[in-house]
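Q: 3D, please:
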Amino acid sequence: MRSKDIQVNGFLASGIACGIKKTGKKDLALIVSETPAYVAGVFTKSTVKASTVVVDMKRERSGRSRGVVVNSGNANACTGERGMADTLRVIAATEKALAFNEGDLMMSSTGVIGVPLAVGKIEEALPRLAWNLKSNGWRDASQAIMTTDAFHKITCVKKNVGRTQVTIAAIAKGAGMICPNMATMLCFAATDANIKAKALKAALKEAVGKSFNRISVDNDTSTNDTVLVFANGAAKGPEIKTGTAAFKSFTAALSEALLRLAHLIVRDGEGATRFVELTVKGASNDKQAETAARRLAGSLLVKTALFGGDPNWGRIMAAIGTTNVKFDQSDVDILLGGVKVFSKGVDTGEEKRAAKAMKRNEVSVVVDLKRGKGAFTLWTTDLNYDYVRINSSYRT
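A: Here you go, the predicted model:
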């Protein structure tokens, strides 16, 4: 399905330029349900939270929301009392422009930290933002939430849940400050499924655990990380409840949508040249495998070796050795690009073949600890010169 054709029953979206970005590109988005809807969210683990996150976390607890207004180009984080006042002011002005009730909307922001939000520009643009709302406005919205993204990120999943066809549309942004436990990323999903807040929250947590919490670009987490999913029940059908086959089907569909976006974020990693699937298996348990995988995904030495296409398995062994993961180095196997480069404690002599395999745009890294059945997979990137260039001049 082309992004301009994506629609969800009862939802409208828009995206325009209001002047926050110096480039004149789109920087203000709006997603709303035409009828009352349920909401669930997952937010940054950072103790330094933008005012939008603080407000959204409070409103999300009610389980009800009609939608979200989003600005890019300014994170409105670490802006003190003014930042909180500006967030509430924008939300109230948007609710008024849409003739919504107080408390109906949420807000997200992304961009430079520490700079006051240009509220006047947003308020001036709100009538145009509301006028541009349309059922197929998802692509405009996805473009309006971009910062250092090289391309907009959007997906749509249609799936039968019982006898009812359910649609899930989702957009995301993110390219840098990406690490497990969320990142400098935003994601907004909407579904016409008949599912209430508690079940929606359970489905979202499971879906995020399989997607956004398994990606890593640079091992940094942001102040604004937010994932919101809205459900208005417009598809009709029986209510989807936890513990049912319908819930399992819906969660699978939501997980599919979010995983697609998670992979797009990794592929768009700032300066990235390779998409890397990293798996640790044979650990004592899944938690031990996860610890090892996250250590490898965050290792600068491993990531630079991936950039150079260098089958330097020594960096992998050294990184795992700094964890509390239990293994015997004489049992470990390492495969790079499908080529076994390390086995039973020694080099296999397959460096040239592995180096050739690692020149591809997509590379697999598999570490088998040979200790148990624990396994964990995540997705990451290499690290190159452009990452430094992009982030050394982000504010200027």
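Q: helix or strand: which one has residue 109?
A: strand 105-112 (DSSP states H and E).
Q: helices or strands up against that strand?
A: Helices and strands touching strand 105-112, by 3 or more C-beta pairs under 8 Å, 6 or more residues apart in numbering; DSSP states H and E, are helix 51-60, strand 67-74, helix 80-97, strand 186-191, strand 226-231. The way it works is simple: take the backbone N, C-alpha and C, and place the C-beta from them, glycine included.
Q: rebuild these as TSV, extending it with mean pLDDT, distance to residue 128 and mean neighbour count.
A: Listed next are these as TSV, based on pLDDT from 0 to 100; distance: least, C-beta to C-beta, whole Å; neighbours: other C-beta atoms under 10 Å:
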stretch	mean pLDDT	distance to residue 128	mean neighbour count
helix 51-60	96	21	21
strand 67-74	96	13	26
helix 80-97	97	10	17
strand 186-191	97	20	29
strand 226-231	96	23	27
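Q: Throw those into a markdown table and include distance to residue 114, thanks.
A: Below are the helices and strands packed on strand 105-112 laid out as a markdown table (distance: least, C-beta to C-beta, whole Å):
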| stretch | distance to residue 114 |
| --- | --- |
| helix 51-60 | 12 |
| strand 67-74 | 10 |
| helix 80-97 | 9 |
| strand 186-191 | 18 |
| strand 226-231 | 19 |
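Q: quick one: secondary structure of residue 356?
A: helix (DSSP: H, G, I helix; E, B strand; the rest coil).
Q: dump the residue contacts of it.
A: residue 337 (C-beta atoms under 8 Å, 6 or more residues apart in numbering).
Q: re the thing from before, buried set for the strand holding residue 109?
A: Neighbour counts over strand 105-112 (16 or more other C-beta atoms under 10 Å) mark 105-111 as buried.
Q: and the nearest residue to residue 66 once chain neighbours are set aside, how far is that from residue 37?
A: Leaving aside its chain neighbours, residue 66 sits nearest to residue 104 (4.2 Å; criterion: C-beta to C-beta, 6 or more residues apart in numbering). As for residue 104, its distance to residue 37 is 9 Å (criterion: C-beta to C-beta, to the nearest Å).
Q: okay, now residue 211: neighbour count?
A: 24 (other C-beta atoms under 10 Å).
Q: residue numbering should commence at 55 henceforth.
A: Got it, the first residue is 55 from now on, which makes the last one we talked about residue 265.
Q: phi, psi for it please.
A: Main-chain torsions, residue 265, degrees, to the nearest 10: phi -130, psi -90.
Q: who's in contact with the residue nearest to residue 61 when sequence neighbours are not counted?
A: Spatially, and ignoring its direct neighbours in sequence, residue 61 is nearest to residue 189 (4.6 Å; C-beta to C-beta, 6+ apart). Residue 189 makes contact with 61-62, 65-66, according to C-beta under 8 Å, 6+ apart.
Q: alpha carbons only: can I get stretch 328-339 in PDB?
A: What follows is stretch 328-339 as a C-alpha-only set of coordinates in PDB (Å, rounded to 0.1, in the frame of the first residue of the first chain):
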ATOM      1  CA  ARG A 328      24.800  -1.400   7.400                       C
ATOM      2  CA  PHE A 329      21.700  -3.000   9.000                       C
ATOM      3  CA  VAL A 330      22.900  -5.500  11.500                       C
ATOM      4  CA  GLU A 331      20.800  -8.400  13.000                       C
ATOM      5  CA  LEU A 332      22.600  -9.400  16.200                       C
ATOM      6  CA  THR A 333      21.800 -12.700  17.900                       C
ATOM      7  CA  VAL A 334      23.200 -14.200  21.000                       C
ATOM      8  CA  LYS A 335      22.000 -17.800  21.600                       C
ATOM      9  CA  GLY A 336      23.100 -20.800  23.700                       C
ATOM     10  CA  ALA A 337      23.000 -18.700  26.900                       C
ATOM     11  CA  SER A 338      22.000 -20.000  30.300                       C
ATOM     12  CA  ASN A 339      18.700 -18.100  29.900                       C
END
